[in-house]
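**Q** Next one to model:
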Amino acid sequence: MLMIRVARVEGKLWQESVVDGPGVRLVLFLAGCIHNCPGCHNAWLQDPTAGEAVREQEVVAELQSSFLPAWHDGITISGGDPFYQSIELATLLALVRRSFPVIDTWVYTGALYEELEGEPALYYCNTLVDGPFIALRANEGQNYRGSGNQRLIPLQQGKWQINNWSEVI
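**A** Down below sits the predicted model:
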């Protein structure tokens, strides 16, 4: 049975957000990151021992009791860097997909898609936001990204689907 390291805020695993993807989303923050981006908004989650270890089934159970399809537009996994726990992330997302077959799923990472290509977790993602946070590129008018270098990458079955280059910019 795998455990995943998560941040709990005010006793909750899933936090509501309107900035971590389109619409109202539930966001889960995972621990561990190797990128050490200066100015990281969750620097405390770079530590792989931050937060607490929780069974993936508990994370999904809380999502099932929190997600309101008429209100929430999807989920987002952030961190730290979720791919620091790549096996646990893939297991969690597979469990989520079983409970919510069409849920819109975004994952943020400081890595590039090209470095992650083939990762099992990508199969369960609709959008990957990739690239390290660069403080000098913050506030460049980008939506859903901390810095202008980060890309919104639409995925289908784990593969980059470019329908329109403006989706990536």
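
**Q** pLDDT weak spots in this structure?
**A** 1, 162-169 (pLDDT under 70).

**Q** Show me which residues of the longest helix along the chain are buried.
**A** As assigned by DSSP state H, the longest helix anywhere in the chain is helix 86-99. Under the neighbour-count criterion of 16 or more other CB atoms under 10 Å, helix 86-99 has Ser86, Glu88, Leu89, Ala90, Thr91, Leu92, Leu93, Leu95, Val96 buried. Heads up, the C-betas are built off the backbone N, CA and C, glycines and all.

**Q** Tabulate those residues (TSV), appending distance to Gly11.
**A** Listed next are the buried residues of helix 86-99 as TSV, based on distance: CB to CB, whole Å:
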residue	distance to Gly11
Ser86	27
Glu88	21
Leu89	23
Ala90	27
Thr91	24
Leu92	19
Leu93	23
Leu95	22
Val96	21
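
**Q** From the residues you listed, pick the one nearest Tyr108.
**A** Closest approach between these and Tyr108, by CB to CB: Leu89, at 11.5 Å.

**Q** I'd say that closest one and Ile4 touch.
**A** Yes. Contact criterion CB atoms under 8 Å: Leu89 and Ile4 qualify, at 7.4 Å.

**Q** can you list residues touching both of these two?
**A** Leu30 (CB atoms under 8 Å, 6 or more residues apart in numbering).

**Q** hang on, the earlier thing: nearest to Val59, of the buried residues of helix 86-99?
**A** Leu92 (6.0 Å).

**Q** Nearest residue to that closest one in space, ignoring adjacent ones along the chain?
**A** Closest residue to Leu92 apart from its sequence neighbours, by CB to CB, 6 or more residues apart in numbering: Glu56 at 4.6 Å.

**Q** Counting neighbours, what do you get for the one you found?
**A** When neighbours are counted by other CB atoms under 10 Å, Glu56 registers 20.

**Q** Gln150 touches Phe133, doesn't it?
**A** Yes. Gln150 is in contact with Phe133 according to CB under 8 Å; the separation is 7.4 Å.

**Q** Tell me the residues that contact both of those two, please.
**A** Common contacts of Gln150 and Phe133 (CB under 8 Å, 6+ apart): none found.
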